[in-house]
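*Asks:* Just need the structure, nothing else, for what follows:
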Amino acid sequence: MSRKSRLPCTIFLSVSEKQNLKLPGGIMTASERSPLLEGRHPNGSSSSRFSAFIKAEGEPSWARSLRFLFLSSHFNLFLVFVPLSVVSYHLNWDAGLRFAFSFLAIVPLAKLLGESTEELSITLGETLGGLLNASFGNAVEIIVGVAALVRGELRIVQTAMLGSILSNLLLVLGMSFISGHVYEDEGLFQDTAAQTAASLMTLTCLTLVIPAAYHGAKEANHPPLNENTDDALNILSSLNSTLEDKPPAPGDGSKAGLLVISRFTSILLLLVYVIYLYFQLGSHAHLFIKKKKQGLNGEPVEEEEDGEKPSMSMIAAMFSLLAVTVITSFCADYLVASIEETAEKYHIPKPFIGVILLSLVSNAAGYVTAVRMAAKGKMDLTIHIAVGSSIQIAIFVIPLLVLVGWAIHQPLTLYFDDFETVCLFVSVFLVNLLVQDGRSNYMEGVMLVTLYLVISAAFWVS
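*Replies:* Below you'll find the model as predicted:
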């Protein structure tokens, strides 16, 4: 019988006969050797693979993932304020209650966002995980900033971003130095990476100084008050807007130039941020490797590191990241909507709310994590949390919000008040001095926290 006449005969065999059909190559099984006859792909169909992905086969179950997400931290006790925030907003309760409920609701939501991002990063690997952390590391700040931007609260956007930078550089880093070195003389961290981060913060300071200098130069070019009444009124309007902590008034002659400078600078800063990500995760990743401890004879001591295993499945982490982001956006909107009335009714300065309160609520869980890691001797991780978060806000979040404002016709600029610019400059200057040697002690932490308290008091009376 010819070969062509033999092949079709196998189609009429029973399933058991096909499984035990002996050929010169061995035994042909239906699952391995005859995928076309059974209509199956060797790796399974698309629907079966999708079903396995949804069911998280081979990963922590949905029940275990959700249990870890909601029971892994005491911060989750504050989740009770999420429904209270929604109810108080829609029933128009007292502004103080609406502000407090929304304020406290964002604390656990920020923690859940961090947990979801961290779990996804473990699953995705070092490079993709690093990119994910870079993108969602300051998700709460972006959400709060966009919510304030949509409502036209430009000063709240600026002060909230400035407050996040200052709290990370001074409060978080200072408390970490104190908690990490109460019982130790000093700690070591990767000085090259810290100096690179500090240099980027210096660049940010300079990009904020230039718009302020431009605005001051334009104001200085106004004619004397007795020569032109209209110009005098414009100057008084501009001074009044400055005293009220508002952006330059619409009639201000420097506004058009500030918008051009700010938007062009924002594009450049975003480009610098992309290059920095490649520098950190790609070309110079070795600079960000944890520095080994030294023994009594000065030789490096090998430390055992346990490989991290995910506590959540990928699909559960993705779902929680999306869901928590949406819920956080609503609570942030409720929070921003209550700021104006709360500030007026309870006589709380709006700059203090933006710089101090909003910065604390947006990443309270991250602050606790940084201090706890420092207490365990993981100073490199602490530096990454504190200084790295400041860099993300300075060269990613703020420029991004400027461009978002451009898209939705909100004139957000990089022009900050002179006092705010000086506060940022002295903070970055002090951090640069303290991290350049790659060593830390509790006295350095005391210096940082002291400066933060001084700045907080200044914003309270501003």
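
*Asks:* So for the spatially most central residue of the chain, what's the pLDDT?
*Replies:* What sits nearest the mean C-alpha location of the chain, by C-alpha atoms, centre = their mean, is residue 138, with 1.3 Å. Predicted confidence (pLDDT) for residue 138: 79.

*Asks:* Wait, it touches residue 164, no?
*Replies:* Yes. Assessed by C-beta atoms under 8 Å, residue 138 is found in contact with residue 164 at 7.4 Å. In short, each C-beta sits where N, CA and C put it, glycine included.

*Asks:* shared neighbours of those two, anything?
*Replies:* 363, 389, 393, 397 (C-beta atoms under 8 Å, 6 or more residues apart in numbering).

*Asks:* And the residue lying closest to the second one once chain neighbours are set aside, how far from residue 141?
*Replies:* What sits nearest to residue 389 in space, not counting adjacent residues and going by C-beta to C-beta, 6 or more residues apart in numbering, is residue 168, at 4.8 Å. Computed as C-beta to C-beta, to the nearest Å, the residue 168 to residue 141 distance reads 10 Å.

*Asks:* again with residue 438
*Replies:* Taken as C-beta to C-beta, the span from residue 438 to residue 141 is 28 Å.

*Asks:* before we move on, what about residue 414?
*Replies:* Distance from residue 414 to residue 141, by C-beta to C-beta: 16 Å.

*Asks:* do residue 87 as well
*Replies:* 26 Å.

*Asks:* Surely residue 413 and residue 258 touch.
*Replies:* Yes. In this structure, residue 413 is within contact of residue 258 by C-beta under 8 Å, at 4.6 Å.

*Asks:* between those two, who's got more neighbours?
*Replies:* residue 413 (24 against 21; other C-beta atoms under 10 Å).

*Asks:* circling back: who's more crowded, residue 438 and residue 141?
*Replies:* Higher neighbour count among residue 438 and residue 141: residue 141, with 28 against 17, using other C-beta under 10 Å.

*Asks:* Correct me if wrong: residue 405 contacts residue 412.
*Replies:* Yes. Residue 405 lies in contact with residue 412 (C-beta under 8 Å); the separation is 3.5 Å.

*Asks:* Mutual contacts of these two, please.
*Replies:* Taking C-beta under 8 Å, 6+ apart as the criterion, residue 405 and residue 412 both touch 149, 154, 157.

*Asks:* next structured bit after the host helix or strand of the last one?
*Replies:* To tie it back to what came earlier, the one meant is residue 157. Using DSSP states H and E, residue 157 maps to helix 154-166. Remark: after helix 154-166, the chain's next helix or strand is helix 173-180, criterion DSSP H and E.

*Asks:* what about residue 394, how many neighbours?
*Replies:* Neighbours around residue 394, by other C-beta under 10 Å: 27.

*Asks:* confidence score at it?
*Replies:* So, for residue 394, pLDDT stands at 89.

*Asks:* Correct me if wrong: it contacts residue 165.
*Replies:* Yes. At 5.9 Å, residue 394 and residue 165 qualify as touching, with contact defined as C-beta under 8 Å.

*Asks:* Pull up the overlap in contacts between these two.
*Replies:* By C-beta under 8 Å, 6+ apart, the residues touching both residue 394 and residue 165 are residue 201.

*Asks:* so residue 416 sits in a strand?
*Replies:* No. Counting by DSSP: H, G, I helix; E, B strand; the rest coil, residue 416 falls outside a strand, being coil.

*Asks:* what's the burial count for it?
*Replies:* 23.

*Asks:* Distance check, it against residue 351.
*Replies:* 11 Å.

*Asks:* same thing with residue 87?
*Replies:* Where residue 351 is concerned, residue 87 sits at a distance of 30 Å (C-beta to C-beta).

*Asks:* cool, residue 321 as well?
*Replies:* 32 Å.

*Asks:* which residues touch the nearest residue to residue 215 once chain neighbours are set aside?
*Replies:* Counting by C-beta to C-beta, 6+ apart, residue 254 is the residue found nearest to residue 215 once chain neighbours are left out, at 4.8 Å. By C-beta under 8 Å, 6+ apart, residue 254 lies in contact with 214-215, 218-219, 248.

*Asks:* which one among those residues gets closest to residue 424?
*Replies:* Using C-beta to C-beta, residue 215 comes nearest to residue 424 of the contacts of residue 254, at 16.1 Å.

*Asks:* wait, is the closest one part of a helix?
*Replies:* Yes. Per three-state DSSP, residue 215 lies within a helix segment.

*Asks:* Tell me, how many residues neighbour it?
*Replies:* So residue 215, with other C-beta under 10 Å, has 24 neighbours.

*Asks:* quick one: pLDDT of it?
*Replies:* Looking at residue 215, the pLDDT reads 83.

*Asks:* Surely it and residue 259 touch.
*Replies:* No. Using C-beta under 8 Å, residue 215 is not in contact with residue 259; the gap is 11.6 Å.

*Asks:* Tell me where the model's unsure across the stretch 1-150 of the chain.
*Replies:* 1-58, 125-131, 133-135, 137 (pLDDT under 70).

*Asks:* can you map out the strands along it?
*Replies:* Listed in chain order, the strands of the stretch 1-150 of the chain (DSSP state E, counting those that start in this stretch) span 21-23, 26-28.

*Asks:* Once you drop chain neighbours, what's closest to residue 316?
*Replies:* residue 65 (3.6 Å).

*Asks:* list the residues that contact both of residue 168 and residue 141?
*Replies:* The contact lists of residue 168 and residue 141 share 363, 393, where a contact means C-beta under 8 Å, 6+ apart.

*Asks:* how about low-confidence regions in the stretch 251-400 of the chain?
*Replies:* Residues of the stretch 251-400 of the chain that meet the cut-off, pLDDT under 70, sit at 251-253, 286-308, 365.

*Asks:* That one: helices as residue ranges?
*Replies:* Remark: helices assigned in the stretch 251-400 of the chain by DSSP state H, counting those that start in this stretch are 255-278, 314-346, 350-352, 358-362, 364-375, 379-392, 398-407.

*Asks:* Of all these, which one is nearest residue 189?
*Replies:* helix 379-392 (4.3 Å).

*Asks:* By neighbour count, which bits of that closest one are buried? Give me those.
*Replies:* 379-392 (16 or more other C-beta atoms under 10 Å).

*Asks:* Need these in JSON lines (columns: distance to residue 77).
*Replies:* Listed next are the buried residues of helix 379-392 as JSON lines, based on distance: C-beta to C-beta, whole Å:
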{"residue": "379", "distance to residue 77": "30"}
{"residue": "380", "distance to residue 77": "31"}
{"residue": "381", "distance to residue 77": "25"}
{"residue": "382", "distance to residue 77": "25"}
{"residue": "383", "distance to residue 77": "30"}
{"residue": "384", "distance to residue 77": "28"}
{"residue": "385", "distance to residue 77": "23"}
{"residue": "386", "distance to residue 77": "25"}
{"residue": "387", "distance to residue 77": "30"}
{"residue": "388", "distance to residue 77": "28"}
{"residue": "389", "distance to residue 77": "24"}
{"residue": "390", "distance to residue 77": "29"}
{"residue": "391", "distance to residue 77": "32"}
{"residue": "392", "distance to residue 77": "28"}
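
*Asks:* I'd like to know which of these is nearest to residue 335.
*Replies:* Nearest to residue 335 among the buried residues of helix 379-392, with distances taken as C-beta to C-beta, is residue 389, at 20.0 Å.
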